[in-house]
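Engineer: No sequence on hand, only this structure:
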Ligand code: FPP
């Protein structure tokens, strides 16, 4: 399914050469969106899931190569069980319907995070969808699920320490490249642009290593209200920035 969209490609054409390769998204504000309408938080998450699908399809249309979305953090288990269950249910549904809803878009889906704590159903569904879309050559959608940046770095440290003890790695060879290669995002370029909605200006344990030089874009818009227009605003803001990576 492709989006027709109210926002034509023509508007982007002038600057298409400088598109971010990788956009990371913290889709915040689902709960507030629902509260303001006197509805249960689960309704906000459902709307958020729909918006995510549209945003991903639109990113694919305009030529973004990678999108990584923070769907469920290692800290989100602290929420009431009913909310955790509803989020997990929506994520399952998103994966189950991906075939149909993203069909024709050539999108590859990957799920990153500590997947062992997830339900048996999700642990079966995740490899199914990853396998199904493995040979797709379009946009790569990384869904961060039970993901935490610190725990990801600790996991990489454990892998490297084990390799060193068992003689596969020499201590002097431990460098940034090696650490990157042991993260869930191995092989994926670092995000160029990080978008966070709903007015919060925090990284909240998301892609801590990978966002070292990402450009941040924040908006007060709640995720379920996030539109293609907002996405284009973020991209245009990114395109105007001078990235120095510590240089001058
Ligand atoms: C933050 O809003 C959002 C989340 C913790 C979950 C993000 C989930 C989705 C966008 C939908 C499901 C995802 C997929 C991959 C289908 P919040 O609940 O913290 O909102 P609040 O700050 O207003 O309470």
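Structural biologist: Cool, got the structure. For clarity, every value in this text was computed on a predicted model and none was experimentally measured. Numbering: from 1, shown residues only.
Engineer: Let me see the mean pLDDT of stretch 195-207.
Structural biologist: Mean per-residue pLDDT for stretch 195-207: 97.
Engineer: give the contact list for residue 126.
Structural biologist: Contact analysis of residue 126 by CB atoms under 8 Å, 6 or more residues apart in numbering lists 95, 111, 115, 118, 145. Where C-beta positions appear, they are placed from N, C-alpha and C, glycine not excepted.
Engineer: If we use 6 Å, what do you get?
Structural biologist: Contact analysis of residue 126 by CB atoms under 6 Å, 6 or more residues apart in numbering lists residue 111.
Engineer: Excluding chain neighbours, what is closest to residue 236?
Structural biologist: In space, and not counting its chain neighbours, residue 236 is closest to residue 15: 7.5 Å by CB to CB, 6 or more residues apart in numbering.
Engineer: Which residues of the protein lie near the ligand?
Structural biologist: Counting by CB under 6 Å from any ligand atom, the chain comes close to the ligand at 27-32, 45, 48-49, 52, 69, 71, 76, 87, 90-91, 94, 143, 198, 223.
Engineer: what about residue 147, how many neighbours?
Structural biologist: Using other CB atoms under 10 Å, residue 147 has 26 neighbouring residues.
Engineer: Name all residues that make contact with it.
Structural biologist: Counting by CB under 6 Å, 6+ apart, residue 147 makes contact with residue 113.
Engineer: From here on, call the first residue 139.
Structural biologist: Got it, the first residue is 139 from now on, which makes the last one we talked about residue 285.
Engineer: What residues are bridge-paired with it?
Structural biologist: On the basis of DSSP bridges, residue 285 is bridged to residue 211.
Engineer: Who are the contact partners of whichever residue of the chain sits closest to the ligand?
Structural biologist: In the chain, the residue found nearest to the ligand is residue 169; the distance is 2.5 Å by CB to the nearest ligand atom. By CB under 6 Å, 6+ apart, the contact list for residue 169 reads 179, 182.
Engineer: Ramachandran coordinates for it?
Structural biologist: As for residue 169, its main-chain torsions (degrees, to the nearest 10) stand at phi -60, psi -50.
Engineer: Show me the strands in this protein, by range?
Structural biologist: Under the criterion DSSP state E, strands of the chain are mapped to 160-164, 204-211, 246-250, 278-285, 331-334, 353-356.
Engineer: Residues contacting the third one, please?
Structural biologist: This points to strand 246-250. By CB under 6 Å, 6+ apart, strand 246-250 touches 236, 264, 267-268, 271, 274, 278-283, 322.
Engineer: try 8 Å
Structural biologist: Contact with strand 246-250 is made by 206, 233, 236, 240, 264, 267-268, 271-272, 274-283, 285, 322-323, as judged by CB under 8 Å, 6+ apart.
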